[in-house]
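Peer 1: got a sequence here, can you build the structure:
(chains A and B)
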Amino acid sequence: QQQVKQSPQSLIVQKGGISIINCAYENTAFDYFPWYQQFPGKGPALLIAIRPDVSEKKEGRFTISFNKSAKQFSLHIMDSQPGDSATYFCAGKAAGNKLTFGGGTRVLVKP
Amino acid sequence: KAGVTQTPRYLIKTRGQQVTLSCSPISGHRSVSWYQQTPGQGLQFLFEYFSETQRNKGNFPGRFSGRQFSNSRSEMNVSTLELGDSALYLCASSSVSTNEKLFFGSGTQLSVL
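Peer 2: Numbers count the residues shown, from 1 in each chain, chains lettered A, B, ... in the order given. So this is what the prediction gives:
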């Protein structure tokens, strides 16, 4: 059972454009929602995270929007750069450090 | 501070064999989690250890096991390997002060032939 659904699977954006990745979750016990960035040959690295009592969080060019009633959250990458080309994963956390990940979105930023 | 170190980086085994993967967490981190990453199933939680005790377990068969030592280093073992066990196995560590922030290693790429 996939508890976190992520879309799109891939996207291509021009340099300077906005990348938007969406996630929907089912488990209402999730109390922490991180986004991870993964480059080829590397492990995922935490990018930004949000708790369900906050509707938006911004860190630099990265913004999470959170809609608790809809059980949805999204990542916006503003002014996308070629160095942002990577795979992005959303996740939800319930007990302990058990993360349930979305399927991932491969982002390609064209110069 | 050194990051999470996983060894070996690559491993090739044949069906039926067993394998042990090693993970050294960031110094001071007492929680170690293991994840399996495959193109088909994505990232899936295997188990988590804290102070040598398993505190959480994912939905994997009993062939997958792990342990944590007193220095927080962790190992995971897969017995009777199957072709479907081919995957990138990732270890992540976290500290008590930043419990929810996981730091991942680069993983061990296991190929089962």
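Peer 1: all contacts plus neighbour counts: C-alpha atoms, from now on.
Peer 2: Fine.
Peer 1: wait, does stretch A:73-87 contact chain B?
Peer 2: No. Contact of stretch A:73-87 with chain B (CA under 8 Å from any CA of the partner chain) is absent, the minimum separation being 11.5 Å.
Peer 1: quick check: buried residues in that stretch?
Peer 2: Neighbour-count burial for stretch A:73-87 flags A:73-78, A:80-81, A:84-87 (criterion: 16 or more other CA atoms under 10 Å in any protein chain shown).
Peer 1: likewise for stretch B:66-86?
Peer 2: So, applying 16+ other CA under 10 Å, buried residues of stretch B:66-86: B:66-68, B:72-76, B:78, B:81-82, B:85-86.
Peer 1: got it, and stretch A:35-48?
Peer 2: Buried-residue list, stretch A:35-48, by 16+ other CA under 10 Å: A:35-39, A:43-46, A:48.
Peer 1: ok, residue A:77 - contacts?
Peer 2: A:18-20, A:61-63 (CA atoms under 8 Å, 6 or more residues apart in numbering or on different chains).
Peer 1: now, which of those residues sits nearest residue B:62?
Peer 2: residue A:20 (39.0 Å; CA to CA).
Peer 1: ok, is the strand or helix carrying that closest one in contact with chain B or not?
Peer 2: Applying DSSP states H and E as the criterion places residue A:20 in strand A:19-25. No. Residues of strand A:19-25 contacting chain B under CA under 8 Å from any CA: none, with a closest distance of 14.7 Å.
Peer 1: that strand: which residues count as buried?
Peer 2: Buried, per 16+ other CA under 10 Å, within strand A:19-25: A:19-25.
Peer 1: again, but for stretch B:31-38
Peer 2: Here stretch B:31-38 shows B:31-37 as buried, counting by 16+ other CA under 10 Å.
Peer 1: ok so, going back, out of the contacts of residue A:77, who's nearest residue B:60?
Peer 2: Of the contacts of residue A:77, the one sitting nearest to residue B:60 (CA to CA) turns out to be residue A:20, at 32.6 Å.
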